[in-house]
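# sequence below, structure please.
(2 chains)
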Amino acid sequence: MNISRRTLLAALGGALLPSVLRGQQDVQLPGDAGNLRDPRSAGGSLSPVTSRDNDPTVVGIERRIQCTCGCTLDVYTCRTTDFTCSYSPAMHREVLALLDQGKTPDQVIAAFVAKYGEKVLMAPKPVGFNIAGYVVPGLAILLVGGVMFAILRQRTRALELARADAARKSPPMPAGASRAVAAAPPASEDELARLERELKAFDA
Amino acid sequence: MTLLGQFALWTALFVGLWAAVIGFSGRWQGRPELARSVTRAVYALLGLMLVAAAALWKGLISHDFNIEYVASYTSRNLPGYYIFSAFWAGQKGSLLFWAIVLSLFASLAQWLTPSRFRALMPYVAAVTSSVTIFFVMVMLFAANPFERLSFTPADGNGLNPQLQNIGMVIHPPMLYLGYISITIPFAFAIAALLSRRLDTGWIQAMRKWTLMSWLFLSIGITLGMWWAYVELGWGGYWAWDPVENASLLPWLTMSAFLHSVMIQEKRGMLKRWNMMLIIGSFLLSIFGTFITRSGVIASVHSFTQSNVGYFFLGFLVSAAILSFTLLYTRWDRLEADVQLESMASREAAFLFNNLLFVGIAFSVLWGTLFPILSEAVRGTKISVGPPFFNKVNVPLGLLLLLLTGIGPLIAWRKASTRNLRRQFTWPVATGLVVAALLVASGMRSYMAVLSLALGGFVVGTLVQEFYRGTSARHRMYEESYGAALLHLIARNRRRYGGYIVHAAIVIYFAAFTGYAFKKDMEATLKPGQTATMVTPYGHTYTFTHLGVSQFEQLNRIVTQASVQVTRDGKPMGVINSEKRQHFSEPAPGVRQKSFEPSTEVGIRSDLEGDLYVVYAGSVNGTEEAVYRFTYNPLVIWVWIGGVVLVIGGLITMWPGGVVSGAPRQRQAGYEVQLAGSAGGTGR
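Residues are numbered from 1 along each chain as shown, chains lettered A, B, ... in the order given. Coordinates of the predicted model:
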């Protein structure tokens, strides 16, 4: 089959032009948002973020309260992480509503505790029995450390006294030598060689 | 194959019982054929466990969905490597995995331990076999991986999408290796107590095992942090979750042991304490398993609640009673050879380092259990989350960091004022300079300044140690500085490997400090719209939403949102974040969506910090995307710290180097008078 160059170009042009035009039509301008082919695979539909969602006061409150879904995360982290959770968005709306009523952050927290119980706090308030939670580890370490220090100090002093006593009773030492050395027997050749080896190994 | 698996488990139960009974009863004494029989029973246990493993893997690979475990954790379209890792993804499979690894370690311990410790080995076999048969019993009576269904589903449930990550292929085995290998040092400790051979021999026999289990725990914990960071999408790597805490507890006590055992080896002190640390570490590893598997404390990481928790609780209590009773009966034989001579000594510094390690472990355990205690005392449920743990543990951690610098520099026995001045002048100056620079650069968080200044101090001590050692070799042997450094490390692997581990700890602390300056924000963007964020370093990042695309990949439909990133106007590339909807295919052409859509985070790392982009979802099914942008300073240093720690740990463990002298002589020390010299030296 003979195809002239003009026919070929016309055919190619006819085939490509609509797609070029379509491509031009598909170019999105800033602010345009096309539809997803399978929206459900991207999770549930979300509401647009507002400036209040990033408000440090709101975020600060939400970091102090725990999501009740059982994830053990705070409300802010849960609502911005576990996008299938329905509890944390609801708790976020409650925070906003309570702030709209003119409550302070502490009052908002108190309202949550009144509604959900003390468990809603990310960390227990340091009152009553909860104080034990905060101070027992530190106190235990101080107590054990203190007792340890006292016992060891007593023992080391007793040892020093015993050594001093032994040194007093030992024969006079050569000029310039320490008491400990004077109390020790002279070194043999073997011992000196071993000392030399070990000192080399230690220094290296 | 399941029949074979069941048969292997039942046979393992009886073989293990034989090893335990003969090993503990001591009937092998004077009868070498019985001693050999105990060892062979340990090898047979390994063989039987491998048969059981092969049976389960066969079921997984052949998609035998009549096996309840296979149907619960795999599907036909699950990629091969996740079918492999599904072995330990669920409760039952992970119990079998535990038993296999334990029997492998038990066999290696029998095989590799030098013959001079022959008298300990039947007892070691008895302990390891007892622990193995406990796991076999849990499988046989409470969580059987070979349990069959009354019907055969067309396809399995598939693997939880959050477990479909390479981190989950590596992290659980590493953590299990750490947990499980603690059984070997524990077995040597019990063997030493039973055989009354309580000199330093048992410590030499199991020293490599303690290092290995500590190293595996370290790798497992770090990989767990990495998995949580890249997979869970909340922008952090440590949440003080009970299961995370459970992995930290034995790591802390093992770290304490690795320090205090040096005092026993060099000075013959702390024998009782070391026994308690090893027994405690083993019990904490079982406690961690109990927490993970019982559901007694709420955790995002735990397996589904089941009755295996009662088995673990019973085992934990029994092991604690038996071990500490045995220790009590040998108490007098564990008297220290020498006494502490001075409070200004390395021994004293190590004692306080141990106090802090164990104190932090207690603090973590206390916080983990405090909700249960509070409920028991007050009848009120409370939550104990990161704010609590940070408040209690950060000061303790900083004290520990301080001791990390002090311990290695202070002299054994008694440090003189001159020694202290010589060793600490430059490191203290380094710490002060770091603090001054940070304050001058505008850092106002005093905890952060303190943490980094202490880090500077520890780095100062390490640099000084390496510098002095290298210079000494350079002078003595006329080596180049590079060769001198290499030989220094090679000849003193334990000491300088330990210093490298200390460097890793400093890196970790610096990274944790950086995390305090984390910044995040949410934004909804249509294609072409931008959001900006200023980081703690003062850089301005701009995120331009490019659009959302959808495509199929492996066993999932991927919805990918992309942002173009610039820093201070300079292009930094494109970051993609995804939603993944997994599906199963019970029949050709038939698809069922499984699980909720999961999130894949987009991360761009550099040495300063990570940009962490999360595509939360879309508004009304359009390309208008909701994002969370997080800037995490210094996160990459957590992973670098992990690598450095592994290098240091491997150097410490590597065979060879300077062979230590006779232990008894080293313990007792010696004093000699150098002929013709007025001064003296001693050790």
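
# in stretch B:482-489, which residues are buried?
B:Ala484, B:Leu485, B:His487, B:Leu488, B:Ile489 (16 or more other CB atoms under 10 Å in any protein chain shown). Glycine gets a C-beta too; all of them are placed from N, C-alpha and C.

# equivalent analysis for stretch A:147-156, please.
In terms of neighbour count (16+ other CB under 10 Å), stretch A:147-156 has its buried residues at A:Leu152, A:Thr156.

# helix or strand for B:His259, which one?
helix B:242-267 (DSSP states H and E).

# show me what that helix is packed up against.
Judged by 3 or more CB pairs under 8 Å, 6 or more residues apart in numbering or on different chains; DSSP states H and E, helix B:242-267 is in contact with helix B:166-181, helix B:201-227, helix B:271-294, helix B:346-378, helix B:663-668.

# adding distance to chain A and mean neighbour count, write those out as a markdown table.
Shown next, in a markdown table, are the helices and strands packed on helix B:242-267 (distance: least, CB to the nearest CB, whole Å; neighbours: other CB atoms under 10 Å in any protein chain shown):
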| stretch | distance to chain A | mean neighbour count |
| --- | --- | --- |
| helix B:166-181 | 17 | 21 |
| helix B:201-227 | 15 | 22 |
| helix B:271-294 | 11 | 23 |
| helix B:346-378 | 3 | 20 |
| helix B:663-668 | 9 | 14 |
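
# would you reformat those helices as TSV and include mean pLDDT?
Formatted as TSV, these follow (pLDDT from 0 to 100):
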stretch	mean pLDDT
helix B:166-181	85
helix B:201-227	90
helix B:271-294	90
helix B:346-378	92
helix B:663-668	40
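
# ok so, going back, of the buried residues of stretch B:482-489, closest to chain A?
B:Leu488 (6.7 Å; CB to the nearest CB).

# tell me what angle the biggest helix by length in chain A forms with helix B:346-378.
Secondary structure of chain A per DSSP state H: the longest helix is helix A:130-169. Using axes from the mean of the first three to the mean of the last three CA atoms, to 10 degrees, the direction of helix A:130-169 lies 150 degrees away from that of helix B:346-378.

# which strands and helices sit next to helix A:130-169?
Packed against helix A:130-169, as judged by 3+ CB pairs under 8 Å, 6+ apart, are the following elements: helix A:179-183, helix B:346-378, helix B:386-409.

# pLDDT weak spots in chain B?
Applying pLDDT under 70 to chain B picks out residues B:295-306, B:657-683.

# domain-wise, how is it divided?
Chain B resolves into domains spanning B:1-160, B:519-636 when parsed by automatic domain parsing.

# with distance to chain A and mean neighbour count added, can I get the ones you listed in CSV?
Below are the domains of chain B laid out as CSV (distance: least, CB to the nearest CB, whole Å; neighbours: other CB under 10 Å):
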stretch, distance to chain A, mean neighbour count
domain B:1-160, 13, 20
domain B:519-636, 3, 18
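
# include distance to B:Leu438 when you put those domains into JSON lines, please.
Formatted as JSON lines, those follow (distance: least, CB to CB, whole Å):
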{"stretch": "domain B:1-160", "distance to B:Leu438": "43"}
{"stretch": "domain B:519-636", "distance to B:Leu438": "13"}
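
# I'd like to know which of those domains lies nearest to B:Gly236.
Of all the domains of chain B, it is domain B:519-636 that lies closest to B:Gly236, at 7.9 Å by CB to CB.

# any idea how far the closest one is from the chain center?
30 Å (CA atoms, centre = their mean, to the nearest Å).

# which other helices and strands contact whichever strand or helix holds B:Leu45?
Here B:Leu45 sits within helix B:32-61, counting by DSSP H and E. Other helices and strands packing on helix B:32-61, by 3+ CB pairs under 8 Å, 6+ apart, are helix B:2-25, helix B:68-73, helix B:80-85, helix B:91-112, helix B:121-141.

# 7 Å - rerun?
Here helix B:32-61 touches helix B:2-25, helix B:91-112, helix B:121-141, going by 3 or more CB pairs under 7 Å, 6 or more residues apart in numbering or on different chains; DSSP states H and E.

# for B:Arg422, find the nearest of those helices.
In terms of CB to CB, the element of those nearest to B:Arg422 is helix B:91-112, at 42.0 Å.

# angle of that closest one against helix B:166-181?
Computed with the same axes, to 10 degrees, the direction of helix B:91-112 lies at 50 degrees from that of helix B:166-181.

# helix B:2-25 and helix B:91-112, what's the angle between them?
Going by the same axes, to 10 degrees, helix B:91-112 makes 50 degrees with helix B:2-25.

# which neighbouring elements make contact with helix B:91-112?
Secondary-structure packing of helix B:91-112 (3+ CB pairs under 7 Å, 6+ apart): helix B:32-61, helix B:121-141, helix B:166-181, helix B:183-195.

# please redo it, this time with the cut-off set to 8 Å
The elements that helix B:91-112 packs onto, with contact taken as 3+ CB pairs under 8 Å, 6+ apart, are helix B:32-61, helix B:68-73, helix B:121-141, helix B:166-181, helix B:183-195.

# could I get these as TSV with distance to B:Glu578?
Formatted as TSV, the helices and strands packed on helix B:91-112 follow (distance: least, CB to CB, whole Å):
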stretch	distance to B:Glu578
helix B:32-61	27
helix B:68-73	23
helix B:121-141	37
helix B:166-181	16
helix B:183-195	41
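
# which one, of those, ends up nearest to B:Glu522?
For the helices and strands packed on helix B:91-112, the distance to B:Glu522 is smallest for helix B:166-181, at 25.9 Å, taking CB to CB.

# for that closest one, C-alpha coordinates in CSV please.
C-alpha atoms of helix B:166-181 as CSV (Å, rounded to 0.1, in the frame of the first residue of the first chain):
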residue,chain,number,x,y,z
ILE,B,166,11.2,-4.2,56.1
GLY,B,167,11.8,-3.0,59.7
MET,B,168,9.3,-5.6,60.9
VAL,B,169,11.2,-8.3,59.0
ILE,B,170,14.3,-7.5,61.0
HIS,B,171,13.3,-5.8,64.2
PRO,B,172,11.4,-8.5,66.0
PRO,B,173,14.0,-11.3,65.4
MET,B,174,16.7,-8.9,66.6
LEU,B,175,14.8,-8.1,69.8
TYR,B,176,13.9,-11.8,70.3
LEU,B,177,17.6,-12.7,69.8
GLY,B,178,18.4,-10.2,72.6
TYR,B,179,15.7,-11.4,74.9
ILE,B,180,16.4,-15.1,74.3
SER,B,181,20.1,-15.0,74.5
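
# could you check the angle it makes with helix B:201-227?
Using the same axes, to 10 degrees, helix B:166-181 lies at 160 degrees relative to helix B:201-227.

# the helices in chain A, which residues?
Ranges of helices in chain A, per DSSP H, are A:5-26, A:56-62, A:75-79, A:87-100, A:105-116, A:130-169, A:179-183, A:189-203.

# contacts for the fifth one, please.
Right, helix A:105-116. Identification of contacts with helix A:105-116 by CB atoms under 8 Å, 6 or more residues apart in numbering or on different chains yields A:57, A:60-61, A:64-65, A:68, A:91, A:94-95, A:98-99, A:103, A:120-121.

# again, 7 Å this time
Contact partners of helix A:105-116, identified using CB atoms under 7 Å, 6 or more residues apart in numbering or on different chains, comprise A:Thr57, A:Gly60, A:Ile61, A:Arg64, A:Ile65, A:Thr68, A:Val95, A:Leu98, A:Leu99, A:Lys103, A:Val120, A:Leu121.

# got a quick ChimeraX command for the buried subset of these?
Entered in ChimeraX, the line below selects the buried ones among the contacts of helix A:105-116, by 16+ other CB under 10 Å:
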select /A:61,64,65,68,95,98,99,103,120,121
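
# farthest pair in the contacts of helix A:105-116?
Within the contacts of helix A:105-116, A:Thr57 and A:Thr68 form the most distant pair, 21.3 Å apart (CB to CB).
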